[in-house]
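In: Give me a 3D structure for the following:
(chains A and B)
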There are 2 protein chains.
Amino acid sequence: MNSHPGKQPGKRTGERRGIRPPWLDRYPGVVTFPVVGMVGGGQLARMTHEAGIPLGIRFKLLSDTPQDSAAQVVSDVVIGDYRDLETLREFARGCDVITFDHEHVPTEHLRALEADGIPVRPGPDALVHAQDKGVMRARLDAIGVPCPRHRIVSDPEDVAAFAAEGDGFPVVLKTVRGGYDGKGVWVVDSAEEAADPFRAGVPVLAEEKVDYVRELAANVVRSPHGQAVAYPVVESQQVNGVCDTVIAPAPDLDRTLALKAEELALNIAKELDVVGHLAVELFQTRDGRILVNELAMRPHNSGHWSMDGAITSQFANHVRAVLDLPLGDPRPRAKWTVMVNVLGGDFPDMYSAYLHCMARDPKLKIHMYGKDVKPGRKVGHVNTYGDDLDDVLERARHAAGYLRGTITE
Amino acid sequence: MNSHPGKQPGKRTGERRGIRPPWLDRYPGVVTFPVVGMVGGGQLARMTHEAGIPLGIRFKLLSDTPQDSAAQVVSDVVIGDYRDLETLREFARGCDVITFDHEHVPTEHLRALEADGIPVRPGPDALVHAQDKGVMRARLDAIGVPCPRHRIVSDPEDVAAFAAEGDGFPVVLKTVRGGYDGKGVWVVDSAEEAADPFRAGVPVLAEEKVDYVRELAANVVRSPHGQAVAYPVVESQQVNGVCDTVIAPAPDLDRTLALKAEELALNIAKELDVVGHLAVELFQTRDGRILVNELAMRPHNSGHWSMDGAITSQFANHVRAVLDLPLGDPRPRAKWTVMVNVLGGDFPDMYSAYLHCMARDPKLKIHMYGKDVKPGRKVGHVNTYGDDLDDVLERARHAAGYLRGTITE
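Out: Prediction:
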């Protein structure tokens, strides 16, 4: 962890040293805590609120509906559409900083908020790299970050040309905007299969199908001051394109490669001027390299383990970063921490499964999002930690499977 | 930890085993999570909500004002007076269980809610022991729990008689109802000084001034099933009658005495049929005995360390207990955890102090309650943990002092 410029303030002589925050003048009385405006009411907002409560900050939410995951647990909720600039502007009034549950707010709206004098963190110039995979790849190339071979392709014939330039098919195609959790991604074996991605009218990025041994994620948090912290690199296991299991730290990861991944993520955060949490999804290739798969500029599924497994969670550090507070220690509290997502299954009543899960494992940490159970939908996750990875993995997988209903004993 | 009767359910065969919760029929759709109604909007309610978010439960708050500590962070808030039965009844409608931030709800109101069919946890017959010190002492005597010598006294002359029955003055006088944090407590050196306590028209309890070496607290949580867990016994240091520092576990505490204190608290919880968290404040006497000082039936200041120092916090276990869920592991995650309360001082702007505190100690855990800073008022606490008690104590005391403004470097 880098040291923070605020680390050595002068003595106070009866008055706080000269760092009176600008919002102090806006509040009558003695309430001096800032208001963090969160756009988006999903589970990331919910867990960010949970992490913000102990800091005493005010949390204001812009949510699509009152039933959204975060709207169920936050006091100050505005129901509205983040795609509407006037809604955003009205929401931002009275916020000291705006941050995000997702990356879908239009860039021009973010610029308008900045022009209104509202700090937007991460800012639009950083966020665009998490919104547009074409912009992201071009920028990572420019700063020398290793990526899969890639280029923007114009039609199925161009996909065939891209394949011929390298090792041939299969080729991965991605719409540059709008994809997540495997949506907006195709793996094609021929030009004939490559028609679908072009139908949306969005530019399409072609990438080599990387021969990887596993997926890793490097999570870092950076503040406007430029302080940054790196969480240990984790292994992320996907099922059907959706994150299933995260192991922290990544088992048997070569120390040099782990440091390289952390440095790579810290460097991206710095070069792209990211403020807040940055998740860098990585491929570990069979020949021992790491390549960047995706970027996310918000708390990320690959960092959920930190809620119970790190000294400071990704959510707490995201809040600290967007407020330009010194960051918390990202180091692990346990030898191993495992996160397994709870997906919706055939049993809508997950609550009754608590009885068995909690009685079986009194150390289990359940995190449910208040979302209606639909098959395949992420509705929660569980964390386990301990010294024995096999045991920690078994406990997390059992609990997640029992909650989903795929394990019945 | 005892095992839970639910630990060995039968196999499921396509349907959840027969523990369909009663509230399931009341909800349309698939939302099966219960509603916990919390009476009182103080910091204990705030931290209970924080602990309830990951469980996916619904949290409904009855608060005096919208500015109360918990009301700032909870979505579903009713503003009203808990002393008014109709307000309570209206609030309780739609709650699956009622629990408390404080012990001030009149017993007859709790009985009325129970008569309406709403589970009240802890129930009125248990709670009265935390509401009325006279009732508490009589009951502890009856079940053989060691207490300071005591009896109800009628006037200053009776106080002199009580003193003469033992080792003389000083004598401790307490109003049987309404006291907290040193309020409602007098230490008197003569009958002449003993007039004040009788002015309120409330029965007065006289107690010997115990010759103690330190104060301890035994925290336990018990569920309606009768499952109970015991946190490690802590040392609690008071300043001016207000809790200042808690060290978990209590340093240099004889193992036999520690077990005796845990058993004593578990026994009180069982005999009084407590549901939820029970804090037993204890005197460790110079001659090696432990005597019960006070009881609290709610999450307690002496258990705040558990938020960062235990596998399951007192707040999470209180929620689990009132919902009759299996309890979580209460064991410590660190060798030492220290909690120091943050009291209001002369600097109303505590937020600006974050910069120094967080930069100085990236492992520091700050818990602020969103309360206006008034001199001497509990507005937050800090937790630190680690292997070296001196270091852990120094870090917590520095941070609390800096936030308060009594330490300026």
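
In: Pull the number of nearby residues for the residue of the stretch 201-350 of chain A at minimum distance from chain B.
Out: With C-beta to the nearest C-beta as the measure, residue A:348 is the residue of the stretch 201-350 of chain A nearest to chain B, at 3.5 Å. Just so you know, the C-beta spots here come from the backbone N, C-alpha and C atoms, and that holds for glycine as well. Using other C-beta atoms under 10 Å in any protein chain shown, residue A:348 is surrounded by 18 other residues.

In: Same question for residue A:243.
Out: Residues lying near residue A:243 (other C-beta under 10 Å) number 23.

In: Wait, it touches residue A:302, no?
Out: Yes: using C-beta atoms under 8 Å, residue A:243 is in contact with residue A:302, at 6.7 Å.

In: Which neighbours do the two have in common?
Out: residue A:236 (C-beta atoms under 8 Å, 6 or more residues apart in numbering or on different chains).

In: that older thread, let me know the pLDDT of the residue of the stretch 201-350 of chain A closest to chain B.
Out: Looking at residue A:348, its pLDDT is 81.

In: Quick one: the helices in chain A, in order.
Out: A:43-52, A:85-92, A:107-115, A:124-131, A:133-142, A:156-165, A:255-271, A:306-309, A:314-322, A:354-360, A:389-404 (DSSP state H).

In: could you give the angle of the fourth one to helix A:133-142?
Out: I take that to be helix A:124-131. Here helix A:124-131 runs at an angle of 110 degrees relative to helix A:133-142 (axes from the mean of the first three to the mean of the last three C-alpha atoms, to 10 degrees).

In: Now do the domain split for chain A, please.
Out: If you go by automatic domain parsing, the domain ranges for chain A are A:33-120, A:149-208, A:212-404.

In: ok so, going back, can you lay out the helices of chain A as JSON lines showing mean pLDDT?
Out: Shown next, in JSON lines, are the helices of chain A (pLDDT from 0 to 100):
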{"stretch": "helix A:43-52", "mean pLDDT": "98"}
{"stretch": "helix A:85-92", "mean pLDDT": "98"}
{"stretch": "helix A:107-115", "mean pLDDT": "97"}
{"stretch": "helix A:124-131", "mean pLDDT": "96"}
{"stretch": "helix A:133-142", "mean pLDDT": "97"}
{"stretch": "helix A:156-165", "mean pLDDT": "97"}
{"stretch": "helix A:255-271", "mean pLDDT": "98"}
{"stretch": "helix A:306-309", "mean pLDDT": "98"}
{"stretch": "helix A:314-322", "mean pLDDT": "98"}
{"stretch": "helix A:354-360", "mean pLDDT": "96"}
{"stretch": "helix A:389-404", "mean pLDDT": "97"}
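
In: Return the most buried member of those.
Out: helix A:314-322 (a mean of 28; mean count of other C-beta atoms under 10 Å in any protein chain shown).

In: counting contacts, what elements does it pack onto?
Out: Contacts defined by 3 or more C-beta pairs under 8 Å, 6 or more residues apart in numbering or on different chains; DSSP states H and E place helix A:314-322 against helix A:43-52, strand A:97-100, strand A:212-222, strand A:276-285, helix A:306-309.

In: Which one of the residues in the stretch 1-150 of chain A is closest to chain B?
Out: residue A:56 (3.0 Å).

In: I'd say that residue and residue B:349 touch.
Out: No: look at residue A:56 against residue B:349 with C-beta under 8 Å: they stay out of range, at 11.8 Å.

In: neighbour count winner among the two?
Out: Per other C-beta under 10 Å, whichever of residue A:56 and residue B:349 has more neighbours is residue A:56, with 25 against 18.

In: Now do the contacts for the more buried one.
Out: Contacts of residue A:56 (C-beta under 8 Å, 6+ apart): A:33, B:350-351, B:366, B:368-370, B:380.

In: and residue A:57, what does it touch?
Out: Each residue near residue A:57 by C-beta under 8 Å, 6+ apart is listed here: A:33-36, A:319, A:323.

In: repeat for residue A:351
Out: Here residue A:351 is in contact with B:21, B:32-34, B:56 (C-beta under 8 Å, 6+ apart).

In: Give me the mean pLDDT for stretch A:220-228.
Out: 96.

In: Check whether that stretch comes near chain B.
Out: No: counting by C-beta under 8 Å from any C-beta of the partner chain, chain B has no neighbours in stretch A:220-228; the shortest distance is 8.8 Å.

In: For that stretch, list every residue counted as buried.
Out: By 16 or more other C-beta atoms under 10 Å in any protein chain shown, the buried positions in stretch A:220-228 come out as A:220-225, A:227-228.

In: ends of it, how far apart?
Out: Stretch A:220-228 has an end-to-end distance of 7 Å (C-alpha to C-alpha, to the nearest Å).

In: what about that stretch, distance to the chain center?
Out: Counting by C-alpha atoms, centre = their mean, to the nearest Å, stretch A:220-228 is centred 15 Å from the centre of its parent chain.

In: Name the surrounding residues that touch that stretch.
Out: By C-beta under 8 Å, 6+ apart, stretch A:220-228 touches A:1-6, A:119, A:121, A:229-231, A:262, A:265-266, A:269-270, A:274-278, A:280, A:314, A:317-318, A:320-321, A:324-327, A:330.

In: Low-confidence stretches in the stretch 151-300 of chain A?
Out: Scanning the stretch 151-300 of chain A for pLDDT under 70 picks out the ranges A:179-182.

In: and residue A:375, how many neighbours does it have?
Out: Neighbours of residue A:375 under the rule other C-beta under 10 Å: 9.

In: Could you point out which of the domains of chain A sits nearest residue B:109?
Out: Shortest separation from residue B:109 across the domains of chain A is recorded for domain A:33-120, at 26.1 Å, computed as C-beta to C-beta.

In: Need the distance between the two termini of the closest one.
Out: 18 Å.

In: can you list the contacts of residue A:56 in a markdown table and add distance to residue A:400?
Out: Below are the contacts of residue A:56 laid out as a markdown table (distance: C-beta to C-beta, whole Å):
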| residue | distance to residue A:400 |
| --- | --- |
| A:33 | 36 |
| B:350 | 40 |
| B:351 | 38 |
| B:366 | 32 |
| B:368 | 34 |
| B:369 | 34 |
| B:370 | 34 |
| B:380 | 35 |
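
In: Would you tell me which one of the residues you listed comes nearest to residue B:137?
Out: Here the nearest of the contacts of residue A:56 to residue B:137, counting by C-beta to C-beta, is residue B:369; it sits at 31.4 Å.

In: Contact partners for that closest one?
Out: By C-beta under 8 Å, 6+ apart, residue B:369 lies in contact with A:56, B:42-43, B:46, B:69, B:378-380.

In: Report the two of those separated the most.
Out: Going by C-beta to C-beta, the pair spanning the contacts of residue B:369 furthest: A:56 and B:42, at 14.2 Å.

In: TSV for the helices and strands packed on helix A:314-322, including distance to residue B:409?
Out: Shown next, in TSV, are the helices and strands packed on helix A:314-322 (distance: least, C-beta to C-beta, whole Å):
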stretch	distance to residue B:409
helix A:43-52	28
strand A:97-100	29
strand A:212-222	28
strand A:276-285	31
helix A:306-309	32
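
In: and the stretch 201-350 of chain A, which residues reach chain B?
Out: So the stretch 201-350 of chain A meets chain B at A:307, A:311-312, A:320, A:325-329, A:333, A:347-350 (C-beta under 8 Å from any C-beta).

In: What residues sit buried inside stretch A:322-340?
Out: A:322-334, A:336-340.

In: Adding distance to residue B:186, write the helices of chain A out as a markdown table.
Out: Putting the helices of chain A into a markdown table (distance: least, C-beta to C-beta, whole Å) gives the following:
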| stretch | distance to residue B:186 |
| --- | --- |
| helix A:43-52 | 41 |
| helix A:85-92 | 53 |
| helix A:107-115 | 58 |
| helix A:124-131 | 61 |
| helix A:133-142 | 69 |
| helix A:156-165 | 86 |
| helix A:255-271 | 59 |
| helix A:306-309 | 45 |
| helix A:314-322 | 43 |
| helix A:354-360 | 45 |
| helix A:389-404 | 52 |
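
In: Quick one, which of these gets closest to residue A:287.
Out: Nearest to residue A:287 among the helices of chain A is helix A:255-271; the distance by C-beta to C-beta comes to 11.9 Å.
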